[in-house]
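> sharing a model prediction with you, sequence too.
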Amino acid sequence: QVQLVESGGGLAQAGGSQRLSCVVSGTTVSSNNMAWFRQAPGKEREFVASISWTGSVTYYVDFVKGRFSISRDAAENTAYLQMNSLKPEDTAVYYCALGPRTPAKIVSATRYSYWGQGTQVTVSS
């Protein structure tokens, strides 16, 4: 049974940093692409970043480039999202997702098979 469990959210000041973690069980981060999505109140879930099963290919949505960094640790079977220079508009529930092995950029949530429960990130100005 595949499970994804996120942690690391909470309240942050604008300009601050947070690191989100996503512990995977039932499969490995080395066998799957991993991604982070977010969903703000009243908005659709949107792609934030992804990393390939090799860990060598990453993609980001434009509004987080240069501020956020996705990584994964095969030994810990965990994916991470390091968020720097946070802005109030980054406030959302952040979800990690597990998807198919591909070097391509996949932004559609429907392509990801497993999801974590989400972790709230709130950025105050």
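It's in. Numbers count the residues shown, from 1 in each chain.
> and stretch 109-125, how far from the chain's centre?
Remark: stretch 109-125 is offset 7 Å from the chain centroid, using C-alpha atoms, centre = their mean, to the nearest Å.
> end to end on that stretch, go ahead and measure it.
Using C-alpha to C-alpha, to the nearest Å, the end-to-end distance of stretch 109-125 comes to 29 Å.
> for that stretch, buried residues please.
Applying a neighbour-count criterion of 16 or more other C-beta atoms under 10 Å, one finds 109, 112, 114, 115, 116, 118, 119, 121, 123 buried in stretch 109-125. Yep, even glycine has a C-beta here, placed from its N, CA and C like the rest.
> got a list of contacts for that stretch?
The contact list for stretch 109-125 (C-beta atoms under 8 Å, 6 or more residues apart in numbering) reads 2-14, 16, 18, 20, 22, 35, 37-39, 45, 47, 83, 86-100, 106.
> in its sheet, what does the helix or strand containing residue 121 sit against?
Residue 121 is part of strand 119-124, with elements assigned from DSSP states H and E. Partners of strand 119-124 in the sheet, by DSSP bridges, are strand 10-13 (parallel), strand 92-99 (antiparallel).
> just the ones you listed: most buried one?
Most buried of those, by mean neighbour count (mean count of other C-beta atoms under 10 Å): strand 92-99, with a mean of 23.
> who touches that one?
Strand 92-99 has contacts (C-beta under 8 Å, 6+ apart) with 2, 4, 6, 9, 20, 22, 24, 27, 32-40, 43, 45, 48, 50, 79, 81, 106, 109, 111-121.
> what about the closest residue to residue 94 other than its chain neighbours, which SS state?
Closest residue in space to residue 94, ignoring its immediate chain neighbours: residue 38 at 4.8 Å, by C-beta to C-beta, 6 or more residues apart in numbering. Here residue 38 is strand, with the state taken from DSSP: H, G, I helix; E, B strand; the rest coil.
> hmm, residue 38 is touching residue 44, no?
No - using C-beta atoms under 8 Å as the test, residue 38 is too far from residue 44 to be in contact (10.2 Å).
> higher neighbour count, those two?
The neighbour count for residue 38 versus residue 44, taken as other C-beta atoms under 10 Å, is higher for residue 38 (23 against 8).
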